[in-house]
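# got a structure for you, letters missing:
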DNA sequence: TCTAAGTCGAGAGCACTGCTCTCGTTGTAG
DNA sequence: CTACAACGAGAGCAGTGCTCTCGACTTAGA
(Lines give C-alpha, C1' and ligand atoms only; values in the text may rest on other atoms or scores of the structure.)
Protein backbone atom coordinates (compact mmCIF):
# COMPACT_ATOMS: atom_id res chain seq x y z
CA UNK A 1 0.00 0.00 0.00
CA UNK A 2 1.10 3.52 -0.68
CA UNK A 3 1.75 5.75 2.25
CA UNK A 4 -0.28 8.68 1.06
CA UNK A 5 -2.16 9.92 -1.97
CA UNK A 6 -4.73 7.20 -1.75
CA UNK A 7 -8.33 7.95 -1.04
CA UNK A 8 -9.14 9.09 2.48
CA UNK A 9 -9.85 6.62 5.24
CA UNK A 10 -13.24 5.01 4.89
CA UNK A 11 -12.55 6.15 1.46
CA UNK A 12 -12.57 4.08 -1.61
CA UNK A 13 -15.47 1.85 -0.74
CA UNK A 14 -17.58 4.63 0.71
CA UNK A 15 -17.01 6.78 -2.33
CA UNK A 16 -17.79 4.02 -4.77
CA UNK A 17 -20.92 3.42 -2.78
CA UNK A 18 -21.97 7.06 -3.00
CA UNK A 19 -21.36 7.07 -6.74
CA UNK A 20 -23.34 3.88 -7.08
CA UNK A 21 -26.30 5.42 -5.28
CA UNK A 22 -26.11 8.40 -7.59
CA UNK A 23 -26.03 6.19 -10.64
CA UNK A 24 -29.02 4.23 -9.45
CA UNK A 25 -31.14 7.29 -8.76
CA UNK A 26 -30.08 8.85 -12.05
CA UNK A 27 -31.06 5.76 -13.99
CA UNK A 28 -34.28 5.48 -12.04
CA UNK A 29 -35.08 9.08 -12.87
CA UNK A 30 -34.52 8.37 -16.54
CA UNK A 31 -36.83 5.39 -16.38
CA UNK A 32 -39.41 7.49 -14.58
CA UNK A 33 -39.28 10.08 -17.32
CA UNK A 34 -39.53 7.60 -20.17
CA UNK A 35 -41.97 5.07 -18.85
CA UNK A 36 -44.14 6.83 -16.35
CA UNK A 37 -44.74 6.31 -12.69
CA UNK A 38 -44.47 2.55 -12.40
CA UNK A 39 -40.79 2.23 -11.77
CA UNK A 40 -39.25 -1.22 -12.16
CA UNK A 41 -36.34 -1.83 -9.87
CA UNK A 42 -35.29 -4.79 -11.95
CA UNK A 43 -35.27 -2.74 -15.12
CA UNK A 44 -33.11 -0.11 -13.46
CA UNK A 45 -30.70 -2.79 -12.30
CA UNK A 46 -30.62 -4.30 -15.77
CA UNK A 47 -29.79 -0.91 -17.22
CA UNK A 48 -26.86 -0.67 -14.87
CA UNK A 49 -25.60 -4.11 -15.83
CA UNK A 50 -26.27 -5.57 -12.45
CA UNK A 51 -28.73 -8.02 -11.03
CA UNK A 52 -31.77 -6.85 -9.10
CA UNK A 53 -30.63 -8.17 -5.76
CA UNK A 54 -27.52 -6.03 -5.94
CA UNK A 55 -29.63 -2.88 -5.88
CA UNK A 56 -30.91 -3.94 -2.49
CA UNK A 57 -27.42 -3.30 -1.12
CA UNK A 58 -28.14 0.38 -1.68
CA UNK A 59 -31.88 0.74 -1.26
CA UNK A 60 -33.77 -1.47 1.16
CA UNK A 61 -36.87 -1.43 -1.02
CA UNK A 62 -38.41 0.02 -4.11
CA UNK A 63 -40.26 2.51 -1.93
CA UNK A 64 -36.95 3.73 -0.57
CA UNK A 65 -35.77 4.37 -4.11
CA UNK A 66 -38.99 6.22 -4.81
CA UNK A 67 -38.49 8.29 -1.70
CA UNK A 68 -35.04 9.29 -2.90
CA UNK A 69 -36.54 10.36 -6.21
CA UNK A 70 -39.27 12.28 -4.43
CA UNK A 71 -36.79 14.17 -2.29
CA UNK A 72 -34.74 14.96 -5.37
CA UNK A 73 -37.83 16.18 -7.19
CA UNK A 74 -38.90 18.44 -4.34
CA UNK A 75 -35.43 19.88 -4.19
CA UNK A 76 -35.23 20.41 -7.91
CA UNK A 77 -38.60 22.13 -7.99
CA UNK A 78 -37.67 24.26 -5.00
CA UNK A 79 -34.39 25.28 -6.55
CA UNK A 80 -36.03 26.10 -9.88
CA UNK A 81 -38.58 28.27 -8.10
CA UNK A 82 -35.93 30.01 -6.02
CA UNK A 83 -33.84 30.71 -9.08
CA UNK A 84 -36.76 32.12 -11.03
CA UNK A 85 -37.72 34.33 -8.13
CA UNK A 86 -34.20 35.54 -7.52
CA UNK A 87 -33.96 36.90 -11.05
CA UNK A 88 -36.48 39.65 -10.31
CA UNK A 89 -35.72 42.95 -8.59
CA UNK A 90 -36.41 42.69 -4.84
CA UNK A 91 -38.83 45.59 -4.77
CA UNK A 92 -40.98 44.20 -7.58
CA UNK A 93 -43.17 42.07 -5.34
CA UNK A 94 -45.78 41.20 -7.92
CA UNK A 95 -43.06 40.36 -10.41
CA UNK A 96 -41.39 38.06 -7.90
CA UNK A 97 -44.67 36.26 -7.27
CA UNK A 98 -45.39 35.82 -10.94
CA UNK A 99 -41.83 34.67 -11.63
CA UNK A 100 -42.13 32.08 -8.88
CA UNK A 101 -45.34 30.75 -10.35
CA UNK A 102 -43.79 30.54 -13.79
CA UNK A 103 -40.78 28.83 -12.26
CA UNK A 104 -43.02 26.15 -10.82
CA UNK A 105 -44.84 25.64 -14.08
CA UNK A 106 -41.74 25.61 -16.22
CA UNK A 107 -40.06 23.00 -14.05
CA UNK A 108 -43.21 20.91 -13.99
CA UNK A 109 -43.50 20.98 -17.76
CA UNK A 110 -39.86 20.04 -18.11
CA UNK A 111 -40.18 17.18 -15.64
CA UNK A 112 -43.77 15.95 -15.88
CA UNK A 113 -43.15 12.51 -14.42
CA UNK A 114 -41.31 13.89 -11.43
CA UNK A 115 -44.03 16.47 -10.93
CA UNK A 116 -46.67 13.76 -11.04
CA UNK A 117 -44.62 11.81 -8.53
CA UNK A 118 -44.80 14.58 -5.95
CA UNK A 119 -48.05 16.35 -6.80
CA UNK A 120 -50.15 13.55 -8.19
CA UNK A 121 -52.13 11.01 -6.28
CA UNK A 122 -50.12 9.37 -3.54
CA UNK A 123 -48.50 6.10 -4.61
CA UNK A 124 -50.61 3.10 -3.52
CA UNK A 125 -49.11 1.68 -0.39
CA UNK A 126 -46.63 4.46 -0.03
CA UNK A 127 -46.62 7.00 2.77
CA UNK A 128 -44.17 9.86 2.59
CA UNK A 129 -41.48 9.64 5.24
CA UNK A 130 -40.56 12.76 7.22
CA UNK A 131 -37.44 13.25 5.09
CA UNK A 132 -39.64 14.77 2.44
CA UNK A 133 -41.30 17.57 4.39
CA UNK A 134 -38.24 19.81 4.38
CA UNK A 135 -37.64 19.80 0.62
CA UNK A 136 -41.39 19.89 0.05
CA UNK A 137 -41.76 23.24 1.77
CA UNK A 138 -39.06 24.93 -0.21
CA UNK A 139 -41.47 26.24 -2.82
CA UNK A 140 -44.07 27.50 -0.34
CA UNK A 141 -41.20 29.16 1.51
CA UNK A 142 -40.42 31.23 -1.57
CA UNK A 143 -44.01 32.41 -1.80
CA UNK A 144 -44.04 33.13 1.93
CA UNK A 145 -40.95 35.30 1.70
CA UNK A 146 -42.54 37.37 -1.04
CA UNK A 147 -45.65 37.91 1.01
CA UNK A 148 -43.61 38.91 4.05
CA UNK A 149 -41.60 41.39 2.03
CA UNK A 150 -44.76 42.73 0.47
CA UNK A 151 -46.37 43.29 3.83
CA UNK A 152 -43.24 44.90 5.23
CA UNK A 153 -42.95 47.37 2.36
CA UNK A 154 -46.65 48.03 2.16
CA UNK A 155 -46.86 46.30 -1.20
CA UNK A 156 -49.86 44.36 -0.09
CA UNK A 157 -52.69 45.39 2.22
CA UNK A 158 -52.50 43.53 5.53
CA UNK A 159 -56.25 43.40 5.83
CA UNK A 160 -59.12 44.11 3.50
CA UNK A 161 -62.01 43.63 5.81
CA UNK A 162 -61.82 39.85 5.64
CA UNK A 163 -63.59 38.05 8.45
CA UNK A 164 -61.61 34.93 9.20
CA UNK A 165 -63.33 32.20 11.20
CA UNK A 166 -61.77 31.81 14.61
CA UNK A 167 -60.47 28.27 14.08
CA UNK A 168 -58.94 29.22 10.74
CA UNK A 169 -57.30 32.24 12.35
CA UNK A 170 -55.82 29.87 14.92
CA UNK A 171 -54.40 27.61 12.22
CA UNK A 172 -52.86 30.57 10.46
CA UNK A 173 -51.43 31.88 13.71
CA UNK A 174 -49.80 28.51 14.28
CA UNK A 175 -48.37 28.67 10.77
CA UNK A 176 -46.90 32.03 11.73
CA UNK A 177 -44.81 30.14 14.27
CA UNK A 178 -42.83 28.73 11.39
CA UNK A 179 -40.06 31.23 10.60
CA UNK A 180 -40.76 30.84 6.90
CA UNK A 181 -44.22 32.29 7.38
CA UNK A 182 -43.73 34.55 10.35
CA UNK A 183 -44.49 38.22 10.00
CA UNK A 184 -47.35 37.62 7.60
CA UNK A 185 -50.74 38.79 8.87
CA UNK A 186 -53.37 36.07 8.93
CA UNK A 187 -55.56 37.58 6.19
CA UNK A 188 -52.58 37.77 3.84
CA UNK A 189 -51.59 34.24 4.73
CA UNK A 190 -55.10 33.08 3.90
CA UNK A 191 -54.99 34.82 0.56
CA UNK A 192 -51.56 33.36 -0.05
CA UNK A 193 -52.84 29.86 0.53
CA UNK A 194 -55.58 30.46 -2.00
CA UNK A 195 -52.93 31.48 -4.50
CA UNK A 196 -50.77 28.51 -3.58
CA UNK A 197 -53.62 26.07 -4.09
CA UNK A 198 -54.66 27.75 -7.30
CA UNK A 199 -51.10 27.70 -8.63
CA UNK A 200 -50.63 23.98 -8.19
CA UNK A 201 -54.19 23.34 -9.25
CA UNK A 202 -53.54 25.10 -12.53
CA UNK A 203 -50.24 23.32 -13.15
CA UNK A 204 -51.77 19.94 -12.29
CA UNK A 205 -54.79 20.51 -14.52
CA UNK A 206 -52.52 21.47 -17.38
CA UNK A 207 -50.08 18.59 -16.94
CA UNK A 208 -52.74 15.99 -16.34
CA UNK A 209 -54.49 17.01 -19.51
CA UNK A 210 -57.59 18.48 -17.99
CA UNK A 211 -57.29 21.70 -19.99
CA UNK A 212 -56.35 20.02 -23.24
CA UNK A 213 -59.68 20.20 -25.03
CA UNK A 214 -60.43 23.68 -23.74
CA UNK A 215 -57.32 25.79 -23.93
CA UNK A 216 -55.25 26.38 -27.01
CA UNK A 217 -52.50 28.62 -25.71
CA UNK A 218 -51.41 27.16 -22.41
CA UNK A 219 -48.77 29.79 -21.74
CA UNK A 220 -51.23 32.60 -22.09
CA UNK A 221 -53.86 30.88 -20.01
CA UNK A 222 -51.46 30.20 -17.18
CA UNK A 223 -50.13 33.70 -17.20
CA UNK A 224 -53.61 35.17 -17.15
CA UNK A 225 -54.66 32.88 -14.32
CA UNK A 226 -51.79 33.70 -12.02
CA UNK A 227 -52.00 37.41 -12.83
CA UNK A 228 -55.62 37.64 -11.78
CA UNK A 229 -54.86 35.57 -8.74
CA UNK A 230 -51.93 37.81 -7.82
CA UNK A 231 -54.21 40.78 -8.12
CA UNK A 232 -56.73 39.16 -5.84
CA UNK A 233 -54.02 38.43 -3.30
CA UNK A 234 -53.31 42.12 -3.37
CA UNK A 235 -49.96 42.07 -5.07
CA UNK B 1 -89.09 -24.25 -22.90
CA UNK B 2 -91.93 -22.23 -21.47
CA UNK B 3 -94.02 -20.24 -23.89
CA UNK B 4 -93.86 -16.96 -22.02
CA UNK B 5 -92.70 -15.52 -18.77
CA UNK B 6 -89.14 -16.47 -19.37
CA UNK B 7 -86.44 -13.91 -19.84
CA UNK B 8 -86.57 -11.95 -23.06
CA UNK B 9 -84.92 -13.15 -26.20
CA UNK B 10 -81.15 -12.88 -26.10
CA UNK B 11 -82.02 -13.10 -22.50
CA UNK B 12 -80.57 -15.39 -19.95
CA UNK B 13 -77.01 -15.33 -21.07
CA UNK B 14 -76.97 -11.64 -21.84
CA UNK B 15 -78.47 -10.84 -18.47
CA UNK B 16 -76.07 -13.04 -16.58
CA UNK B 17 -73.32 -11.34 -18.48
CA UNK B 18 -74.52 -7.89 -17.49
CA UNK B 19 -74.77 -8.96 -13.88
CA UNK B 20 -71.31 -10.45 -14.04
CA UNK B 21 -69.90 -7.19 -15.34
CA UNK B 22 -71.60 -5.37 -12.51
CA UNK B 23 -70.21 -7.77 -9.96
CA UNK B 24 -66.72 -7.42 -11.33
CA UNK B 25 -66.76 -3.63 -11.29
CA UNK B 26 -68.32 -3.63 -7.83
CA UNK B 27 -65.63 -5.93 -6.47
CA UNK B 28 -62.95 -3.95 -8.25
CA UNK B 29 -64.30 -0.76 -6.69
CA UNK B 30 -64.10 -2.37 -3.25
CA UNK B 31 -60.53 -3.41 -3.88
CA UNK B 32 -59.71 0.07 -5.08
CA UNK B 33 -61.12 1.54 -1.89
CA UNK B 34 -59.31 -0.84 0.42
CA UNK B 35 -55.95 -1.21 -1.25
CA UNK B 36 -55.34 1.92 -3.21
CA UNK B 37 -54.77 2.50 -6.85
CA UNK B 38 -52.88 -0.61 -7.89
CA UNK B 39 -55.76 -2.82 -8.76
CA UNK B 40 -55.08 -6.52 -9.13
CA UNK B 41 -57.26 -8.21 -11.69
CA UNK B 42 -56.32 -11.58 -10.27
CA UNK B 43 -57.31 -10.58 -6.76
CA UNK B 44 -60.66 -9.36 -8.01
CA UNK B 45 -61.21 -12.64 -9.81
CA UNK B 46 -60.22 -14.59 -6.71
CA UNK B 47 -62.71 -12.61 -4.67
CA UNK B 48 -65.42 -13.62 -7.10
CA UNK B 49 -64.44 -17.28 -6.92
CA UNK B 50 -63.27 -17.40 -10.47
CA UNK B 51 -59.93 -17.70 -12.20
CA UNK B 52 -58.20 -14.68 -13.67
CA UNK B 53 -58.59 -15.73 -17.27
CA UNK B 54 -62.35 -15.80 -16.86
CA UNK B 55 -62.41 -12.09 -16.19
CA UNK B 56 -60.97 -11.56 -19.64
CA UNK B 57 -64.28 -12.75 -21.06
CA UNK B 58 -65.75 -9.50 -19.75
CA UNK B 59 -62.91 -7.02 -19.88
CA UNK B 60 -60.24 -7.27 -22.56
CA UNK B 61 -57.58 -5.90 -20.24
CA UNK B 62 -56.95 -4.46 -16.83
CA UNK B 63 -56.99 -1.00 -18.36
CA UNK B 64 -60.47 -1.62 -19.66
CA UNK B 65 -61.59 -2.47 -16.15
CA UNK B 66 -59.95 0.71 -14.91
CA UNK B 67 -61.75 2.68 -17.60
CA UNK B 68 -65.06 1.29 -16.43
CA UNK B 69 -64.25 2.36 -12.90
CA UNK B 70 -63.21 5.80 -14.11
CA UNK B 71 -66.45 6.29 -15.98
CA UNK B 72 -68.40 5.15 -12.93
CA UNK B 73 -66.45 7.54 -10.73
CA UNK B 74 -67.04 10.51 -13.01
CA UNK B 75 -70.71 9.70 -13.10
CA UNK B 76 -70.97 9.27 -9.36
CA UNK B 77 -69.18 12.55 -8.75
CA UNK B 78 -71.34 14.31 -11.30
CA UNK B 79 -74.50 12.95 -9.79
CA UNK B 80 -73.45 13.89 -6.27
CA UNK B 81 -72.70 17.40 -7.44
CA UNK B 82 -75.98 17.70 -9.29
CA UNK B 83 -77.93 16.48 -6.29
CA UNK B 84 -76.20 18.88 -3.91
CA UNK B 85 -76.86 21.75 -6.27
CA UNK B 86 -80.49 20.82 -6.84
CA UNK B 87 -81.23 21.07 -3.14
CA UNK B 88 -80.78 24.83 -3.17
CA UNK B 89 -83.39 27.39 -4.25
CA UNK B 90 -82.92 28.31 -7.91
CA UNK B 91 -82.61 32.00 -7.26
CA UNK B 92 -79.87 31.57 -4.67
CA UNK B 93 -77.01 31.54 -7.14
CA UNK B 94 -74.21 31.86 -4.62
CA UNK B 95 -75.81 29.14 -2.52
CA UNK B 96 -76.01 26.86 -5.53
CA UNK B 97 -72.34 27.42 -6.31
CA UNK B 98 -71.26 26.75 -2.75
CA UNK B 99 -73.47 23.67 -2.52
CA UNK B 100 -71.93 22.30 -5.70
CA UNK B 101 -68.45 22.79 -4.31
CA UNK B 102 -69.38 21.06 -1.09
CA UNK B 103 -70.96 18.29 -3.10
CA UNK B 104 -67.69 17.70 -4.90
CA UNK B 105 -65.69 17.70 -1.70
CA UNK B 106 -68.10 15.48 0.20
CA UNK B 107 -68.12 12.89 -2.55
CA UNK B 108 -64.35 13.02 -2.82
CA UNK B 109 -63.91 12.49 0.91
CA UNK B 110 -66.35 9.61 0.83
CA UNK B 111 -64.58 7.99 -2.12
CA UNK B 112 -60.94 9.02 -1.91
CA UNK B 113 -59.55 6.21 -4.06
CA UNK B 114 -62.04 6.85 -6.82
CA UNK B 115 -61.32 10.55 -6.64
CA UNK B 116 -57.60 9.85 -6.89
CA UNK B 117 -58.32 7.65 -9.86
CA UNK B 118 -59.92 10.47 -11.83
CA UNK B 119 -58.21 13.57 -10.46
CA UNK B 120 -54.79 12.23 -9.50
CA UNK B 121 -51.83 11.70 -11.72
CA UNK B 122 -52.70 9.77 -14.86
CA UNK B 123 -52.11 6.04 -14.53
CA UNK B 124 -48.73 5.04 -16.03
CA UNK B 125 -49.32 3.65 -19.46
CA UNK B 126 -52.98 4.52 -19.44
CA UNK B 127 -54.60 7.10 -21.69
CA UNK B 128 -58.23 7.96 -21.10
CA UNK B 129 -60.48 6.79 -23.95
CA UNK B 130 -63.12 9.16 -25.32
CA UNK B 131 -65.83 7.35 -23.33
CA UNK B 132 -64.74 9.30 -20.30
CA UNK B 133 -65.10 12.85 -21.58
CA UNK B 134 -68.87 12.90 -21.32
CA UNK B 135 -69.16 11.84 -17.69
CA UNK B 136 -66.11 13.93 -16.86
CA UNK B 137 -67.81 17.14 -17.90
CA UNK B 138 -70.88 16.57 -15.77
CA UNK B 139 -69.49 18.49 -12.82
CA UNK B 140 -68.23 21.44 -14.86
CA UNK B 141 -71.65 21.50 -16.50
CA UNK B 142 -73.29 22.10 -13.13
CA UNK B 143 -71.02 25.04 -12.46
CA UNK B 144 -71.62 26.35 -15.96
CA UNK B 145 -75.37 26.27 -15.50
CA UNK B 146 -75.09 28.30 -12.32
CA UNK B 147 -72.98 30.92 -14.03
CA UNK B 148 -75.40 31.14 -16.93
CA UNK B 149 -78.34 31.57 -14.58
CA UNK B 150 -76.41 34.13 -12.61
CA UNK B 151 -75.62 36.17 -15.68
CA UNK B 152 -79.20 35.91 -16.91
CA UNK B 153 -80.67 37.17 -13.65
CA UNK B 154 -78.00 39.77 -13.09
CA UNK B 155 -76.64 37.85 -10.12
CA UNK B 156 -73.12 38.22 -11.40
CA UNK B 157 -71.54 41.11 -13.29
CA UNK B 158 -70.85 40.18 -16.89
CA UNK B 159 -67.72 42.27 -16.98
CA UNK B 160 -65.63 44.02 -14.40
CA UNK B 161 -63.11 45.72 -16.55
CA UNK B 162 -61.12 42.57 -17.14
CA UNK B 163 -58.82 42.68 -20.11
CA UNK B 164 -58.70 39.22 -21.60
CA UNK B 165 -55.86 38.41 -23.99
CA UNK B 166 -57.11 37.87 -27.49
CA UNK B 167 -56.15 34.21 -27.75
CA UNK B 168 -57.73 33.45 -24.41
CA UNK B 169 -60.89 35.21 -25.48
CA UNK B 170 -60.92 33.00 -28.56
CA UNK B 171 -60.63 29.86 -26.46
CA UNK B 172 -63.46 31.00 -24.24
CA UNK B 173 -65.57 31.86 -27.25
CA UNK B 174 -65.02 28.36 -28.57
CA UNK B 175 -66.09 26.98 -25.20
CA UNK B 176 -69.26 29.02 -25.58
CA UNK B 177 -70.06 26.84 -28.56
CA UNK B 178 -70.69 24.00 -26.15
CA UNK B 179 -74.35 24.28 -25.07
CA UNK B 180 -73.32 23.63 -21.48
CA UNK B 181 -71.33 26.84 -21.44
CA UNK B 182 -73.21 28.95 -23.93
CA UNK B 183 -74.64 32.23 -22.83
CA UNK B 184 -71.82 32.92 -20.42
CA UNK B 185 -69.79 36.03 -21.23
CA UNK B 186 -66.09 35.39 -21.63
CA UNK B 187 -65.00 37.29 -18.54
CA UNK B 188 -67.39 35.28 -16.39
CA UNK B 189 -66.23 32.07 -17.99
CA UNK B 190 -62.65 33.00 -17.21
CA UNK B 191 -63.55 33.68 -13.59
CA UNK B 192 -65.47 30.43 -13.48
CA UNK B 193 -62.46 28.50 -14.67
CA UNK B 194 -60.41 30.04 -11.91
CA UNK B 195 -63.01 28.84 -9.43
CA UNK B 196 -63.14 25.41 -11.04
CA UNK B 197 -59.38 25.00 -10.85
CA UNK B 198 -59.28 26.30 -7.31
CA UNK B 199 -62.08 23.97 -6.24
CA UNK B 200 -60.38 20.82 -7.42
CA UNK B 201 -57.03 22.13 -6.28
CA UNK B 202 -58.36 22.52 -2.77
CA UNK B 203 -60.00 19.10 -2.73
CA UNK B 204 -56.89 17.45 -4.13
CA UNK B 205 -54.59 19.18 -1.66
CA UNK B 206 -56.82 18.09 1.20
CA UNK B 207 -57.20 14.50 0.05
CA UNK B 208 -53.58 14.05 -0.88
CA UNK B 209 -52.53 15.22 2.55
CA UNK B 210 -50.92 18.47 1.52
CA UNK B 211 -52.88 20.49 4.09
CA UNK B 212 -52.49 17.97 6.88
CA UNK B 213 -49.76 19.66 8.89
CA UNK B 214 -51.22 23.12 8.36
CA UNK B 215 -54.95 22.99 8.76
CA UNK B 216 -56.80 21.66 11.77
CA UNK B 217 -60.41 22.15 10.76
CA UNK B 218 -60.67 21.01 7.17
CA UNK B 219 -64.38 21.73 6.87
CA UNK B 220 -63.94 25.29 7.90
CA UNK B 221 -60.93 25.84 5.69
CA UNK B 222 -62.67 24.48 2.64
CA UNK B 223 -65.78 26.53 3.26
CA UNK B 224 -63.74 29.69 3.72
CA UNK B 225 -61.78 29.01 0.57
CA UNK B 226 -64.74 28.49 -1.70
CA UNK B 227 -66.62 31.41 -0.17
CA UNK B 228 -63.85 33.85 -0.91
CA UNK B 229 -63.50 32.36 -4.36
CA UNK B 230 -67.24 32.67 -5.00
CA UNK B 231 -67.03 36.29 -3.97
CA UNK B 232 -64.18 36.86 -6.38
CA UNK B 233 -66.15 35.26 -9.16
CA UNK B 234 -68.84 37.79 -8.42
CA UNK B 235 -71.46 35.49 -6.98
C1' DT C 1 1.70 -8.26 7.58
C1' DC C 2 -1.75 -11.42 8.54
C1' DT C 3 -6.40 -12.31 9.84
C1' DA C 4 -11.29 -11.71 11.11
C1' DA C 5 -15.10 -9.03 9.77
C1' DG C 6 -17.84 -6.72 6.89
C1' DT C 7 -19.35 -5.43 2.04
C1' DC C 8 -20.59 -6.58 -2.34
C1' DG C 9 -22.53 -8.90 -6.76
C1' DA C 10 -24.49 -12.99 -8.67
C1' DG C 11 -27.72 -16.51 -8.75
C1' DA C 12 -31.61 -19.25 -7.37
C1' DG C 13 -36.01 -19.10 -5.72
C1' DC C 14 -40.80 -17.57 -3.85
C1' DA C 15 -45.12 -15.46 -4.45
C1' DC C 16 -47.28 -12.39 -7.17
C1' DT C 17 -48.79 -9.84 -11.52
C1' DG C 18 -51.10 -9.21 -16.58
C1' DC C 19 -52.12 -11.81 -20.28
C1' DT C 20 -52.59 -15.83 -23.83
C1' DC C 21 -53.93 -20.25 -25.32
C1' DT C 22 -56.25 -24.59 -25.10
C1' DC C 23 -59.82 -27.63 -23.76
C1' DG C 24 -64.12 -29.40 -22.24
C1' DT C 25 -68.86 -27.64 -20.99
C1' DT C 26 -73.06 -25.16 -21.78
C1' DG C 27 -76.41 -21.92 -23.46
C1' DT C 28 -78.31 -20.16 -27.96
C1' DA C 29 -79.74 -19.42 -32.64
C1' DG C 30 -81.09 -21.39 -36.92
C1' DC D 1 -81.64 -31.10 -33.18
C1' DT D 2 -77.46 -29.40 -34.48
C1' DA D 3 -73.77 -26.19 -35.31
C1' DC D 4 -71.88 -22.28 -33.16
C1' DA D 5 -70.58 -19.08 -29.96
C1' DA D 6 -69.79 -17.98 -25.15
C1' DC D 7 -67.87 -19.43 -21.06
C1' DG D 8 -64.83 -21.12 -16.94
C1' DA D 9 -60.81 -23.66 -15.67
C1' DG D 10 -56.17 -24.65 -16.08
C1' DA D 11 -51.47 -24.40 -17.72
C1' DG D 12 -48.04 -21.47 -19.05
C1' DC D 13 -45.04 -17.20 -20.25
C1' DA D 14 -42.66 -13.13 -19.04
C1' DG D 15 -42.35 -9.90 -15.82
C1' DT D 16 -42.34 -7.94 -10.85
C1' DG D 17 -40.55 -7.07 -5.60
C1' DC D 18 -37.99 -9.27 -2.39
C1' DT D 19 -35.11 -12.93 0.33
C1' DC D 20 -31.40 -15.97 0.98
C1' DT D 21 -27.07 -18.11 0.17
C1' DC D 22 -22.47 -18.27 -1.55
C1' DG D 23 -17.98 -16.92 -3.14
C1' DA D 24 -14.93 -12.81 -4.03
C1' DC D 25 -13.34 -8.79 -2.34
C1' DT D 26 -12.11 -4.64 0.71
C1' DT D 27 -11.37 -2.99 5.09
C1' DA D 28 -10.01 -2.66 9.90
C1' DG D 29 -7.59 -4.38 13.86
C1' DA D 30 -3.80 -6.96 16.04
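Everything's here; your move. The structure presented is a predicted model; accordingly, all values stated were derived computationally and were not measured. Residues are numbered from 1 along each chain as shown, chains lettered A, B, ... in the order given.

# so where is chain A shaky, pLDDT-wise?
Along chain A, segments meeting pLDDT under 70 span A:1-11, A:123-127.

# Look through it and state the residue closest to DNA strand C.
Minimum separation of chain A from DNA strand C (Cβ to the nearest atom of the strand) falls at residue A:53, amounting to 2.8 Å. C-betas here are computed from N, CA, C, even on glycine.

# Look up how far residue A:42 lies from that residue.
According to Cβ to Cβ, to the nearest Å, residue A:53 stands 10 Å off from residue A:42.

# Those two: which is more packed in?
The neighbour count for residue A:53 versus residue A:42, taken as other Cβ atoms under 10 Å in any protein chain shown, is higher for residue A:42 (12 against 9).

# And that one, which helix or strand is it part of?
helix A:41-47 (DSSP states H and E).

# Give me the buried positions along that helix.
A:41, A:44-45 (16 or more other Cβ atoms under 10 Å in any protein chain shown).

# measure residue A:224 to residue B:169 for me?
Taking Cβ to Cβ, one finds residue A:224 at 10 Å from residue B:169.

# Those two: which is more packed in?
residue A:224 (20 against 15).

# Need phi/psi at residue A:99.
phi -60, psi -40 (degrees, to the nearest 10).

# oh sorry, the question was meant for residue A:40
Backbone torsions of residue A:40, given as degrees, to the nearest 10, read phi -100, psi 120.

# Which positions in chain A make contact with DNA strand C?
Applying Cβ under 7 Å from any atom of the strand, we find that chain A lies next to DNA strand C at A:1, A:13, A:16-17, A:20, A:49-54, A:57-58.

# Can I get the buried part of those as one ChimeraX selection?
Only the buried members of these end up in this ChimeraX selection, burial being decided by 16+ other Cβ under 10 Å:
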select /A:20,58
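
# Out of the residues of chain A next to DNA strand C, which two sit at the greatest distance?
Largest separation among the residues of chain A next to DNA strand C by Cβ to Cβ: A:1 and A:52, giving 34.7 Å.

# Cross the residues of chain A next to DNA strand C against helices and list the overlap.
A:13, A:16-17, A:20, A:52-54 (DSSP state H).

# So which of those is the closest to residue A:230?
residue A:20 (45.1 Å).

# Once you drop chain neighbours, what's closest to the closest one?
Nearest residue to residue A:20 in three dimensions, chain neighbours excluded: residue A:58, at 6.0 Å (Cβ to Cβ, 6 or more residues apart in numbering or on different chains).

# what sits against the one you found?
Residue A:58 makes contact with A:17, A:20-21, A:24, according to Cβ atoms under 8 Å, 6 or more residues apart in numbering or on different chains.

# Distance check, the residue of chain A closest to DNA strand C against residue B:108.
41 Å.

# Then residue A:141?
Per Cβ to Cβ, residue A:141 is found 28 Å from residue B:108.

# Which one of the two is surrounded by more residues?
Shown here are residue A:141 and residue B:108; by other Cβ under 10 Å, residue B:108 has more neighbours (21 against 18).

# Neighbours of the nearest residue to the more buried one once chain neighbours are set aside, how many?
Nearest residue to residue B:108, sequence neighbours excluded (Cβ to Cβ, 6+ apart): residue B:115, at 4.1 Å. As a burial measure, residue B:115 scores 24 neighbours (other Cβ under 10 Å).

# What of residue A:189?
Around residue A:189 there are 24 other residues, counting by other Cβ under 10 Å.

# how about it, what does it touch?
A:147, A:172, A:175-176, A:181.

# Could you rerun that using 7 Å?
A:172, A:175, A:181 (Cβ atoms under 7 Å, 6 or more residues apart in numbering or on different chains).

# who in chain A is up against chain B?
Selection of chain A residues close to chain B by Cβ under 7 Å from any Cβ of the partner chain yields A:36-38, A:116, A:120-122, A:124-125, A:165, A:167-168, A:171, A:175, A:194, A:197-198, A:200-202, A:204-205, A:208-209, A:214-217, A:220-221, A:224-225, A:228, A:232.

# Could you list which of the residues you listed belong to helices?
A:116, A:167-168, A:171, A:175, A:194, A:197-198, A:200-202, A:204-205, A:220-221, A:224-225, A:228, A:232.

# Buried subset of the residues you listed as a ChimeraX selection?
Selecting only the buried entries of these in ChimeraX, with 16+ other Cβ under 10 Å as the criterion:
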select /A:116,168,171,175,194,197,198,200,201,202,204,205,220,221,224,225,228,232
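
# Next, count neighbours for residue A:154.
Neighbourhood size, residue A:154 [other Cβ under 10 Å]: 9.

# do the same with residue A:96
25.

# Next, the buried residues of the host helix or strand of it.
Here residue A:96 sits within helix A:93-110, counting by DSSP H and E. For helix A:93-110, a neighbour-count test (16+ other Cβ under 10 Å) marks A:93-108 as buried.

# Which elements pack onto that helix?
Packing partners of helix A:93-110 (3 or more Cβ pairs under 7 Å, 6 or more residues apart in numbering or on different chains; DSSP states H and E): helix A:62-86, helix A:138-152, helix A:186-207, helix A:218-233.

# could you check whether the longest one is close to DNA strand D?
Yes. Contact between helix A:62-86 and DNA strand D, assessed by Cβ under 7 Å from any atom of the strand, occurs at A:62-63.

# picking that back up, output the residues of chain A next to DNA strand C as a markdown table; include the columns distance to residue A:89.
Formatted as a markdown table, these follow (distance: Cβ to Cβ, whole Å):
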| residue | distance to residue A:89 |
| --- | --- |
| A:1 | 57 |
| A:13 | 49 |
| A:16 | 46 |
| A:17 | 45 |
| A:20 | 44 |
| A:49 | 50 |
| A:50 | 50 |
| A:51 | 54 |
| A:52 | 52 |
| A:53 | 54 |
| A:54 | 51 |
| A:57 | 50 |
| A:58 | 45 |
